[in-house]
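S.K.: one predicted model, sequence on top.
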Amino acid sequence: MVDKLAPLAENTLLCCCQQLQGWLTTLCSAVMAALVKGNVALQSSPALIRCQLTAWFVASFTCYKHTCLPWWLYTFGLCTAAGPRAVSWRDDKPAELSWIEAQDGGDPEVSVSPRDVVYTLDAAAAAAASSNGSSQVAPQVLATTDLRCGGVSWCDGDLALLYESWWKTRRSIVYTFAPGKPQQEKQVLFDRSYEDVYSDPGSPLSRRTSNGSYILAKIDGQRQLLMVGQGASPEGNRPFLDLLNLDTKETRRLWQSSPPYLEGVGSIMSDNNDDAPITLDGLKLLLSRESAHEPPQTYMVSFNGPEAENVTEQKLTNFPHPYPQLKDMQKEVLRYKRTDGVDLTGTLYLPPGYNAQHDGPLPTILWAYPREYKSKEAAGQMRRSPHQFSGIGSLSPTLWLARGYAVLDGPTFPIVAEGDEEPNDTYVEQLTASAEAAVKELVAKGVTDPARVSVGGHSYGAFMAANLLAHCPQLFAAAIARSGAYNRTLTPFGFQSEERTLWQAPETYSKMSPFMMADRFSKPLLLIHGEEDNNTGTFPLQSERFFQALKGHGAPARLVLLPHEGHGYRARESVLHTLYEQDQWLEKYAGHGRTDPDYITNDNADEQGSSTSE
C-alpha cells in the first residue's frame, strides 16, 4: 500500500509546488507594485527584491527535483547529500546564489569525474525568466572537483578559492580560479595532507564589503593575500601572518608569535572604507596575547612602511585573572612515546605550591578524546603550546587542582591506520598502549600515585574511558563516562570515523563495544547522561542499557540522568550536580576519601530501590 501511495504523494506534491511557485511570483510582483505605488522607500530596488525571492524559491524547488524531498524539508536542512548543498548567496555579488551538487549520488565508493559541481544562479536571470513566463532558469556551472568540494571563498570576478578534500587519504587541495572567466582553468595553490600541521600554510583573511558580507582581502589591489596559521612545530604552536603571492606562490613572513607568549592575529580593522583596497602600509589587525599565567588580552597592531617593517601596538583590554586562586597552578607539556614508537603529548597540571619531593605522588585524572590518523608522523606532531593560558570551563577536569589532584588534560590517544588499514581494527590495542604510556610517564615523574589514577571523557571520550576500564583495569582505579555510546550495534551504519557498517565489520563493532564486556568490569564506572540527548549515536538508551548490563554482572556502577539536558549540560543545577557526582566518585574510589556522608553508593548502603540518580 505504501509503495502505491508514494508516487501519488510525489506527483501531488510536485503539482502543489508548481502552483505555489506561480502564486509566489504573482504575490511578489503585486507586493512590489503596491510598495512602489505607495512611494515606500526600499533599500533595494523592487526588481532586485523580487529576484531574490523568486530565485530563492527556484533554488528550493530545484532542490526538490533533485532530492525527491519536499522543498521545505530541504530549506530546514533535511536534504540528502545527493541534492544541492551549501546553498548561499555569493559574498562578492549583490544577488547571485551558489550551491554544490554531488555527481556520485553522495556515495564516495562511486568512481566518477567530476565528483562535485559548483553551480550559480543569478537573481536577475531568474527574474527575467519569471517575467517571461518560464518557471525555471538553467544554473551555470562555475567549477568542478574530483574530490569532495568544501566550498568557495569569494573575492571578485578575477579571484576565488576553491576547496576540495578526501577523508580516506587526508588529501586537501586549494585552487585559485576566476569566477568571471569560466574559460580559464583553475590553478592548484596548495596540495597537501591536512593532517600534517607542520606544513599548514594557513587560511586567508577577509575584509568587509559595503553590503555587509566578507570577501578575500586583496593587498594593495594585487593578487596577494594575508595568510594566518597556527605555526605548529615540535616546540609548540607559534601563530604567524604571511603575505602570499598567488602567482609565484612565494610567502613573506610579516609577523610571528614569540615566547613566552601565545599570540594570534584576528580580524582586519583597516577596512572601514568599503571601496578602498587594503594596503600593507597602514594595515591594522586585532591581536590576542596570552601566557601560561596571564589571560588573553586584545591589542590593535598597526603595520607601517612599504614593507610593513614598522609594527606598533595598542592594548585594548585589561581583563583580570578569572580564577586567582589557581593563578600559580603548574603546567607542563609532556612528550613521551608509545611502545610502537608513536610520539604522544599531554598537558600536565599540578596544584599551586605542589612539590613532588615534599608532598609525594597525587591522585591523578586523565581526561582525553581519541582521534584517527593516517600516519604515525602526523599522529605524533605537537598541536599545543606551553604558553597557552589554561582556561577552565564549568566542567573542566582542571577544577580538581583545587581539590589536590594532578590532571593530565588532553593526552593524545591516536588511532593510526596507514595505507589500506582500518583504524578501528586495532582500536583497543592502540588505545590501551597510549594509556599505558601516559600512566608510565606520570608515575616516572613522581607526581602520580599508580593506585589512584582515574580516566574520564565526554561523548567519544566516554566511549574511550569505558573501554580502558574494561581492557586495562590494572591502570585505573575508576572511570567517568559522560554522554557516551557503549554498544556499537546500536550505531550499525557507522560511527565517528568508522565508514563500514556492522554487517561489513561485525567483529570490529563487537570488539570495540564495552557493552559486550560488561561481565569483565571490576572497577567503578560512573555514567552521566542528559535525559534528552538527541545527538546521533548517543541517545540515553546507550547509558541505560549499559548500566543494566553492568549491574546484572555485579559491577560497581552508577547512572546519573540529568533532566532536560542534551548532549552537553547547560543548566546551573545540572552542572553543579555533575561536578558533585564526579567529585564524590573520584574521592571515594581514586582520591583522598573525602566523601559526603549522604553520598550513597552500593558499597555503603542499599540502593533504596534504584541505582539511578535523577
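M.R.: Happy to help now that I have it.

S.K.: tell me which residues of stretch 203-211 come out buried.
M.R.: Pro204, Leu205, Ser206, Arg207, Arg208 (16 or more other CB atoms under 10 Å). All C-beta atoms are positioned from the backbone trio N, CA, C, and that covers glycine.

S.K.: can you put those residues in JSON lines and add secondary structure and pLDDT?
M.R.: JSON lines is the format used below for those (DSSP: H, G, I helix; E, B strand; the rest coil; pLDDT from 0 to 100):
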{"residue": "Pro204", "secondary structure": "strand", "pLDDT": "98"}
{"residue": "Leu205", "secondary structure": "coil", "pLDDT": "97"}
{"residue": "Ser206", "secondary structure": "strand", "pLDDT": "96"}
{"residue": "Arg207", "secondary structure": "strand", "pLDDT": "96"}
{"residue": "Arg208", "secondary structure": "strand", "pLDDT": "94"}
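
S.K.: in terms of contact, does Pro295 touch Phe319 like I think?
M.R.: Yes. Between Pro295 and Phe319 there is a contact under CB atoms under 8 Å: 5.3 Å.

S.K.: between those two, which one's more packed in?
M.R.: Pro295 (18 against 10; other CB atoms under 10 Å).

S.K.: where exactly do the helices run in the stretch 351-500 of the chain?
M.R.: Secondary structure of the stretch 351-500 of the chain by DSSP state H, counting those that start in this stretch: the helices cover 356-359, 376-379, 427-444, 460-471.

S.K.: same check, this time on the stretch 501-614 of the chain
M.R.: So, for the stretch 501-614 of the chain - with DSSP H, counting those that start in this stretch - the helices run 506-512, 541-552, 572-590.

S.K.: for the second one, packing partners?
M.R.: In this case it means helix 541-552. Helix 541-552 sits against strand 525-530, strand 557-562, with contacts defined as 3 or more CB pairs under 8 Å, 6 or more residues apart in numbering; DSSP states H and E.

S.K.: which parts of that helix are buried?
M.R.: Across helix 541-552, burial judged by 16+ other CB under 10 Å covers Gln542, Ser543, Glu544, Phe546, Phe547, Ala549, Leu550, Lys551.

S.K.: so for Glu532, which of the helices of the stretch 501-614 of the chain sits nearest?
M.R.: helix 572-590 (11.2 Å; CB to CB).

S.K.: can you list the residues that contact the closest one?
M.R.: For helix 572-590, contacts defined as CB atoms under 8 Å, 6 or more residues apart in numbering pick out 363, 365, 394-395, 399-400, 403, 405, 452-454, 456, 476-478, 480, 482, 523-524, 526, 528, 530, 556, 558, 560, 562-565, 569, 593-596, 599, 601, 603, 613.

S.K.: which among those count as buried?
M.R.: Looks like the contacts of helix 572-590 have 363, 365, 395, 399-400, 405, 452-454, 456, 476-478, 480, 482, 523-524, 526, 528, 530, 556, 558, 560, 562, 565, 569, 595, 599, 601 buried, using 16+ other CB under 10 Å.

S.K.: same list, the helices of the stretch 501-614 of the chain, but as a markdown table with distance to Ser257 and mean pLDDT please.
M.R.: Formatted as a markdown table, these follow (distance: least, CB to CB, whole Å; pLDDT from 0 to 100):
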| stretch | distance to Ser257 | mean pLDDT |
| --- | --- | --- |
| helix 506-512 | 39 | 97 |
| helix 541-552 | 42 | 98 |
| helix 572-590 | 33 | 98 |
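
S.K.: with distance to Lys440 added, can I get the ones you listed in JSON lines?
M.R.: What follows is those, written out as JSON lines (distance: least, CB to CB, whole Å):
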{"stretch": "helix 506-512", "distance to Lys440": "24"}
{"stretch": "helix 541-552", "distance to Lys440": "28"}
{"stretch": "helix 572-590", "distance to Lys440": "18"}
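
S.K.: who wins for proximity to Glu263 among the ones you listed?
M.R.: helix 572-590 (31.6 Å).

S.K.: report the inter-axis angle for that closest one versus strand 557-562.
M.R.: Inter-element angle recorded for helix 572-590 and strand 557-562: 170 degrees (by axes from the mean of the first three to the mean of the last three CA atoms, to 10 degrees).

S.K.: between helix 572-590 and strand 525-530, how big is the angle?
M.R.: Angle of helix 572-590 versus strand 525-530, following the same axes, to 10 degrees, is 170 degrees.

S.K.: buried ones in helix 572-590?
M.R.: By neighbour count on 16+ other CB under 10 Å, the buried set for helix 572-590 is 574-575, 577-578, 581-590.

S.K.: likewise stretch 428-444?
M.R.: Quick answer for stretch 428-444 (16+ other CB under 10 Å): 428, 430-439, 441-442.
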